[in-house]
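K.L.:
please work out how this folds:
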Amino acid sequence: MSTSMRIRQLLLTILLGTAFAWMAAPAAAQGANDTCLLCHGKESAKDKTGRSIAVDREKFVDSAHGKAKLKCTSCHADTSEDKIPHADKLKAVDCAKCHKEPVAEYQNTVHAKARKKGSGEAATCTDCHGTHDIRRSDDPQSRTHHLNLEFTCGTCHGNEKLVEQAKVPGGNIVSLFHDSIHGRNLRDTDKPAKQAKAPTCTNCHGAHAILPKSDPKSATPRANIPDTCGACHFKVRQVFDKGQHGKLRQAGKLQAPGCSDCHSAHSIEQHELPKWQVDVINQCGNCHTDFIKSYRDTFHGQVTNLGYTQVATCASCHGAHEMLPAADPASKVSKERRVETCRQCHEGASANFAMYDPHANRHNRDRSPLLYYAGKFMDLLLIGVFGFFGLHTLLWFVRSLVEVRARRGRGKDSAGRH
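P.N.:
Residues are numbered from 1 along each chain as shown. Model (predicted):
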């Protein structure tokens, strides 16, 4: 045999040996797990306290760890197949051995802080990801899949008893989310594209780095809400930033309304719904108290107060996200654009028509002088009329009493003569 053939044969042997060793490694790992499953693979497996310690073989094999051919001892590191039977109680699994960054993020979260304070109900890794049936988040059967997170978070935040017991902030927020436009879109199987884009819990709160609203780094403090909502609604965010509310917030005046002030946090409704369009008027009135009172006195306000949206609401005239002061030429209620705004409903509106004041206030002399003095005149007229006729009635009553007494006196005189 030539030297070249021997070299080729040697290389082939090395390659085959390497291949067999590579294929045998998973089998060895699986064999080690089989040893554990001799006990834990039984449905009836329980520890001394009666707690189930059973492991479903099929679910584990189909899990992310099972597909990666991990040994049981990769997680339960304080035992091995050589230490059978093992101790009754093993150490808690340290997920940080493999998932260092997510575990580090978790340590500063509301859940971790709650557990440090003694709350045993606060979520840990296994509460969200599972134990032996962990799947990748892009797996439709995973607890952390985009479409399943409402249910996963809802095991705590949708449990009335647990919410009350643990004093979870916000109450049963999952039920509110379930009925919101976001929740409905997540369940809209007829529109998969809408499903995929609809935000769920982690889009706003984060996955592992869930921080309290009091933390400036959180996605949910009042100052950060426009950024959080703008991650999906970026076009609306651009319009909002150019409006008066957005400008005030950029100037650090966080009293100005943000997304959640008008739309709420979890019970967000579809803005085209008539009920929402009518109800949101009350949200405007929370800040603009004088204007909501004068608006309610008008035809527009009285009709919307009955629940109808065929007439103008606040947003119809001022805009929804782009509202600006009337002095700004770009404002929908400025002198330059007022006719255009009125023509949205009143096609034949003229400049004289647009002079109508939708917030005329009879108590504000500077804004509505004619109405103010007309109101004062009507007040005086009303007082005068009631005063005059009240006095007239009183005098008439006195006169009637005098007449009655006089008649009685004349009657007694007539009886005495007889």
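K.L.:
for the rest of this, base every contact and every neighbour count on C-alpha atoms.
P.N.:
Noted.
K.L.:
could you list the domains of the protein?
P.N.:
In terms of domains, the chain is parsed into 1-93, 95-200, 274-355, 361-400 (source: automatic domain parsing).
K.L.:
so how far is the longest one from its chain's centroid?
P.N.:
Using CA atoms, centre = their mean, to the nearest Å, we find the averaged C-alpha position of domain 95-200 to lie 14 Å away from the chain's own average C-alpha position.
K.L.:
then stretch 214-223?
P.N.:
Relative to its parent chain, stretch 214-223 has a centroid offset of 14 Å by CA atoms, centre = their mean.
K.L.:
and that stretch, C-alpha only, in CSV?
P.N.:
Presented in CSV, the C-alpha positions along stretch 214-223 are these (Å, rounded to 0.1, in the frame of the first residue of the first chain):
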residue,chain,number,x,y,z
SER,A,214,-41.2,55.5,40.0
ASP,A,215,-38.0,54.5,38.3
PRO,A,216,-37.0,57.0,35.5
LYS,A,217,-35.6,54.1,33.5
SER,A,218,-39.0,52.4,33.4
ALA,A,219,-41.1,52.5,30.2
THR,A,220,-44.2,53.5,32.1
PRO,A,221,-43.4,56.7,34.1
ARG,A,222,-45.5,59.7,33.1
ALA,A,223,-42.5,61.3,31.4
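K.L.:
show the average pLDDT along it.
P.N.:
For stretch 214-223, mean pLDDT rounds to 92.
K.L.:
now do the buried residues in it.
P.N.:
Neighbour counts using 16 or more other CA atoms under 10 Å place 218-223 of stretch 214-223 among the buried residues.
K.L.:
dump the residues you listed into TSV; add secondary structure and distance to residue 104 as well.
P.N.:
What follows is the buried residues of stretch 214-223, written out as TSV (DSSP: H, G, I helix; E, B strand; the rest coil; distance: CA to CA, whole Å):
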residue	secondary structure	distance to residue 104
218	coil	16
219	coil	18
220	coil	20
221	coil	22
222	helix	26
223	helix	25
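K.L.:
neighbours around residue 91, how many?
P.N.:
By other CA atoms under 10 Å, the residues close to residue 91 number 11.
K.L.:
what sits against it?
P.N.:
By CA atoms under 8 Å, 6 or more residues apart in numbering, the contact set of residue 91 is 76, 78.
K.L.:
quick check: it vs residue 77, distance?
P.N.:
8 Å (CA to CA, to the nearest Å).
K.L.:
pretty sure residue 254 is in contact with residue 222, am I right?
P.N.:
Yes - between residue 254 and residue 222 there is a contact at 7.3 Å, judged by CA atoms under 8 Å.
K.L.:
from the chain's centroid, how far away is the longest helix along the chain?
P.N.:
Using DSSP state H to define each element, the chain has its longest helix at helix 369-417. Offset of helix 369-417 from its chain centre (CA atoms, centre = their mean): 64 Å.
K.L.:
tabulate the domains of the chain (a markdown table), appending mean pLDDT.
P.N.:
A markdown table is the format used below for the domains of the chain (pLDDT from 0 to 100):
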| stretch | mean pLDDT |
| --- | --- |
| domain 1-93 | 76 |
| domain 95-200 | 92 |
| domain 274-355 | 92 |
| domain 361-400 | 92 |
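K.L.:
quick one: closest of the ones you listed to residue 241.
P.N.:
Among the domains of the chain, domain 274-355 comes nearest to residue 241, with 8.1 Å by CA to CA.
K.L.:
distance across that closest one, terminal residue to terminal residue?
P.N.:
Across domain 274-355, first to last residue, CA to CA, it's 28 Å.
K.L.:
identify the residues contacting stretch 313-329?
P.N.:
If you take CA under 8 Å, 6+ apart as the criterion, stretch 313-329 is touched by 236, 239-240, 242-245, 277-278, 281, 284, 300-301, 304, 330-337, 341-342.
K.L.:
including distance to residue 407, could the domains of the chain go into TSV?
P.N.:
What follows is the domains of the chain, written out as TSV (distance: least, CA to CA, whole Å):
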stretch	distance to residue 407
domain 1-93	104
domain 95-200	78
domain 274-355	54
domain 361-400	11
